[in-house]
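Enquirer: Test case, fold it:
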Amino acid sequence: MPDTSVKQNSDLHIPRPILAIVLAAGQGTRMNSELPKVLFPVCQKPMARHVVETLRRAGVSRIILVVGFREELVREEFDDEPDIEFVTQHERLGTGHAVQVCHQQLASHDGPVLVVTGDSPLIQASSVKALIAAQQQQQLACVLGSLISDNPTGLGRIVRHPDGAFQGIVEHRDASPQQLEIREVNMSTYVFDSHHLQWSLSQLKTDNTQNEYYLTDCPSILLKAGRSVDAKPVLQPCEALSVNTQEQLQLVEDEMRKLGY
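Expert: Reported below is the predicted structural model:
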């Protein structure tokens, strides 16, 4: 792996352009619809549009939507935003694969890469800004956005060493009884250094029960390679709400109305 961790001191304070990759290729089979999940409306806007608007408020200068299922509908939704780029994930082989298909865009980018999901309409600009700032100020290969949850059931736990240093992510189904007591959880929001991201993506394997490339493996790959990785519990409770069913969609709608969307 090339040594990209050392930067000239004079470069540290120079703002670097931010690239965001929004994962928006899935069908969302539990929604029982032929509409791509990211286009389901919440507060009169498709979920993906809420995400894009939040990224713009956070200062993201370049946005890529990874599309797949009925991609023509997603592209049509953003016809009025010609600066948005689209990359097609022809086979849905996991979240890591969804980022891998952006290899051409990543190769031409030197700066932070934010990865978020398109079905997270409650993502907050303040959280995005905090993660980008942490990655830049600490020169991290990767920083994960985490959340201290009162109900972490089903979510990946952030495991730390006794001194608080990030150790890894353990999925709920693989967690020990002691790890199940952890309340800090991974929320699939990441900021990577672009060069470290590209290298870690090249190391991904499909030796898991789903035979997929998992983006969640990238932080551990980087950590094992001696790179700096951390998790920051900067996400707000509302950002824990995800949408996989019509019932969850209604819960998100209710929460967004409470917040004044």
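
Enquirer: Now do the helix or strand hosting Val252: which elements does it pack against?
Expert: Using DSSP states H and E, Val252 falls within helix 246-258. For helix 246-258, the packing partners by 3 or more CB pairs under 8 Å, 6 or more residues apart in numbering; DSSP states H and E come out as strand 41-42. Every residue, glycine included, has its C-beta placed from N, CA and C.

Enquirer: contacting residues around the strand it packs on?
Expert: Around strand 41-42, the neighbours that count as contacts under CB atoms under 8 Å, 6 or more residues apart in numbering are Met47, His50, Pro121, Val243, Leu249, Val252, Glu253, Met256, Tyr261.

Enquirer: Kindly tell me how buried the nearest residue to the last one once chain neighbours are set aside is, as a neighbour count.
Expert: Counting by CB to CB, 6 or more residues apart in numbering, Tyr261 lies nearest to Cys43, which is 4.4 Å off, once chain neighbours are set aside. One way to gauge burial is a neighbour count; for Cys43, by other CB atoms under 10 Å, it gives 15.

Enquirer: Same check on the one 3 residues further on?
Expert: Close neighbours of Pro46, defined as other CB under 10 Å, add up to 23.

Enquirer: which phi and psi does it have?
Expert: With angles defined as degrees, to the nearest 10, Pro46 sits at phi -60, psi 150.

Enquirer: Going forward, the N-terminal residue is numbered 165.
Expert: Yep, numbering from 165; the last one is Pro210 now.

Enquirer: phi, psi of Val323?
Expert: Given degrees, to the nearest 10, the pair of backbone angles that Val323 has is phi -100, psi 130.

Enquirer: can you pull the contacts of the closest residue to it other than its chain neighbours?
Expert: The spatially closest residue to Val323, leaving aside those adjacent along the chain, is Gln331, at 4.5 Å (CB to CB, 6+ apart). Residues in contact with Gln331 (CB under 8 Å, 6+ apart) are Val323, Arg324, His325, Leu387.

Enquirer: how about a cut-off of 6 Å?
Expert: Residues in contact with Gln331 (CB atoms under 6 Å, 6 or more residues apart in numbering) are Val323, Arg324, His325.

Enquirer: Please give me every residue in contact with the last one.
Expert: Yep, that's His325 we're talking about. Contact analysis of His325 by CB under 6 Å, 6+ apart lists Gln331.

Enquirer: can you do 10 Å?
Expert: By CB atoms under 10 Å, 6 or more residues apart in numbering, the residues touching His325 are Gln331, Gly332.
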